[in-house]
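**Student:** attaching a predicted model along with its sequence, questions to come.
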Amino acid sequence: MLTAAVAAVAWSGAALAEVKVNILYLRHEVARPPVLSNLDPVPENLGIAGAELAVNEVATTGRFLGHNYALTVLSVPPEGDFTAAARQALGQAQLVLLDASAPDMLAVADLPEAANALLFNTSSGEGRLRDADCRANLLHTALETAARSDALMQVLQAKQWRRLAMIVGPKPADQDFAAALRHSAAKFGLTIEGEKDWTFDTDLRESTMDEIPRFTQDLPDHDVLLVADETDDFGRYVEHNTWAPRPVAGSDGMVPTAWSPVIEAWGAAQLQDRFTRQTGRGMAAQDYAAWIAVRAIGEGVTRTGSAAPATLRARLLDPALALDGFKGWSLSFRDWNGQLRQPVAVVNARALVTLAPLPGFLHQVNEMDTLGLDRPESTCTAFGGTP
């Protein structure tokens, strides 16, 4: 009993030792192209708002333990030198949320100043960051594009909507999503019967009932029409205007995403309320990626009593980690490429359709590994695996 009491006092003293947790949100701003509709403008604080909410939340617990959290936001203009800004900022913080393109993230991860840092990808779904171009100091809370497309195909397969057609936008992000949809369709036994490239460069707001039916009239017969429009340019005009009355899915219609304001179960309604009170808008997927990254840091600091990047990394890659992400599953990081395992919400404009992985899609380790790049497919070696 005496030994236990002494240990408890020692633990209490250690827990109350002051720990400074300096978190940097590093964003490379993007010059966004014009789109056909202004209904859904991109918020200026996209992503940042999620990090700010999470810091407020973890700081509440941290105060009782002597853990002092501070968030610094550094936003680099599109024409700015992002790598130089990162090099300087890493001298002040070694826990960094990255909101940038894949090339930018790799450039930062490879800096000598980042060798001992812990970085979080909160914005890019590019598969190569989890595969051949993975970095040991870069974890991913942003949802992988392949996980989104896999989730959608699980839903379509479960509904037995197996014949697909697809419209593909011209932007690189559209092309990448289309490639992921093709791969996932083959993976889950669905067939894309035909495709068309989106070629309109006119204002469709007054002519959708004329143009879209003609555009989709020659597509092969299909159960679902896929839309690859990741820049939110034209997808909103496709649904309910197609020649054949078919469901629309992909970038519009039935959408696979990490987060949406329509998610309300599993305690999510309370998170949504806190976010809306703070920002005056709904929580988007990128906000969620930043929020869960900070919550993961908070979990690591609480459990280890340390803000050292190496200590936190080891904790987050521990298979025993169980993060509460308000999505009905315990979340964890894949220890072979740093991707956060998380279920994928398949939603429409006003409701949650379902959450993937769906029952019946089994995996020998974790059902969430049926979504996205699985260990046997990965060529990532930075985490100690073999290609």
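**Tutor:** On my side now, so go ahead.
**Student:** which ones are touching residue 147?
**Tutor:** 256, 344, 371-372 (Cβ atoms under 8 Å, 6 or more residues apart in numbering). Every residue, glycine included, has its C-beta placed from N, CA and C.
**Student:** tell me which residues touch residue 145, please.
**Tutor:** Contacts of residue 145 (Cβ under 8 Å, 6+ apart): 125-127, 176-177, 180.
**Student:** before we move on, back to that, of all the contacts of residue 147, which comes closest to residue 210?
**Tutor:** Nearest to residue 210 out of those is residue 256 (Cβ to Cβ; 30.4 Å).
**Student:** using the three-state scheme, assign residue 73.
**Tutor:** strand (DSSP: H, G, I helix; E, B strand; the rest coil).
**Student:** what helix or strand does the nearest residue to it once chain neighbours are set aside sit in?
**Tutor:** Using Cβ to Cβ, 6 or more residues apart in numbering and skipping residues adjacent in sequence, the residue nearest residue 73 is residue 25, 4.6 Å away. Residue 25 is part of strand 19-28 when elements are defined by DSSP states H and E.
**Student:** what about residue 271, distance to residue 278?
**Tutor:** 11 Å (Cβ to Cβ, to the nearest Å).
**Student:** buried ones in the next helix or strand after the strand holding residue 25?
**Tutor:** Moving toward the C-terminus from strand 19-28, the next helix or strand (DSSP H and E) is helix 48-65. Across helix 48-65, burial judged by 16 or more other Cβ atoms under 10 Å covers 48-55, 57-59, 62, 65.
**Student:** one step back: which one of residue 271 and residue 278 is surrounded by more residues?
**Tutor:** Using other Cβ atoms under 10 Å, the more surrounded residue of residue 271 and residue 278 is residue 271, with 21 against 15.
**Student:** find the least confident helix or strand in this protein, judged by mean pLDDT.
**Tutor:** Across the helices and strands of the chain, mean confidence by mean pLDDT, DSSP states H and E is lowest for helix 2-15: a mean of 41.
**Student:** looking at it, residue 85 is touching residue 26, isn't it?
**Tutor:** Yes: counting by Cβ atoms under 8 Å, residue 26 is a contact partner of residue 85 at 7.4 Å.
**Student:** anything in contact with each of those two?
**Tutor:** With Cβ under 8 Å, 6+ apart as the test, residue 85 and residue 26 both reach 74, 76.
**Student:** what about these two, which has more around it?
**Tutor:** Taking neighbours as other Cβ under 10 Å, residue 85 and residue 26 compare with residue 26 leading, 25 against 18.
**Student:** report the contact partners of that one.
**Tutor:** 74, 76, 85-86, 89, 96-100, 108.
**Student:** what do you get if the cut-off is 6 Å, keeping everything else the same?
**Tutor:** 74, 86, 96, 98 (Cβ atoms under 6 Å, 6 or more residues apart in numbering).
**Student:** what's opposite it in the beta bridge?
**Tutor:** Taking DSSP bridges as the rule, residue 26 bridges to residue 74, residue 98.
**Student:** how far away is it from residue 320?
**Tutor:** In this view, residue 26 and residue 320 are 30 Å apart by Cβ to Cβ.
**Student:** same question for residue 163.
**Tutor:** The value you get for residue 163 to residue 320, if Cβ to Cβ is used, is 43 Å.
**Student:** all helices of the chain, in order?
**Tutor:** For the chain, helices defined by DSSP state H occupy the ranges 2-15, 48-65, 82-89, 102-109, 145-158, 172-187, 208-216, 268-279, 285-304, 309-316.
**Student:** out of those helices, nearest to residue 324?
**Tutor:** Across the helices of the chain (criterion: Cβ to Cβ), the nearest stretch is helix 285-304, sitting at 8.1 Å.
**Student:** now for that closest one, which elements pack on it?
**Tutor:** Helices and strands touching helix 285-304, by 3 or more Cβ pairs under 6 Å, 6 or more residues apart in numbering; DSSP states H and E, are helix 48-65, strand 95-99, helix 309-316.
**Student:** just send the ones you listed back as JSON lines, with mean pLDDT too.
**Tutor:** What follows is the helices and strands packed on helix 285-304, written out as JSON lines (pLDDT from 0 to 100):
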{"stretch": "helix 48-65", "mean pLDDT": "95"}
{"stretch": "strand 95-99", "mean pLDDT": "98"}
{"stretch": "helix 309-316", "mean pLDDT": "98"}
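**Student:** quick check: residue 124 touching residue 104?
**Tutor:** No: using Cβ atoms under 6 Å as the test, residue 124 is too far from residue 104 to be in contact (8.8 Å).
**Student:** the more surrounded of these two?
**Tutor:** More neighbours surround residue 124 than the other of residue 124 and residue 104, with 23 against 20 (other Cβ under 10 Å).
**Student:** could you measure from the residue nearest to residue 372 when sequence neighbours are not counted over to residue 106?
**Tutor:** Leaving aside its chain neighbours, residue 372 sits nearest to residue 147 (3.5 Å; criterion: Cβ to Cβ, 6+ apart). Remark: distance between residue 147 and residue 106 (Cβ to Cβ) = 20 Å.
**Student:** and the gap between the nearest residue to residue 231 once chain neighbours are set aside and residue 261?
**Tutor:** Nearest non-adjacent residue to residue 231, counting by Cβ to Cβ, 6+ apart: residue 171, 4.8 Å away. To residue 261, residue 171 is 25 Å away according to Cβ to Cβ.
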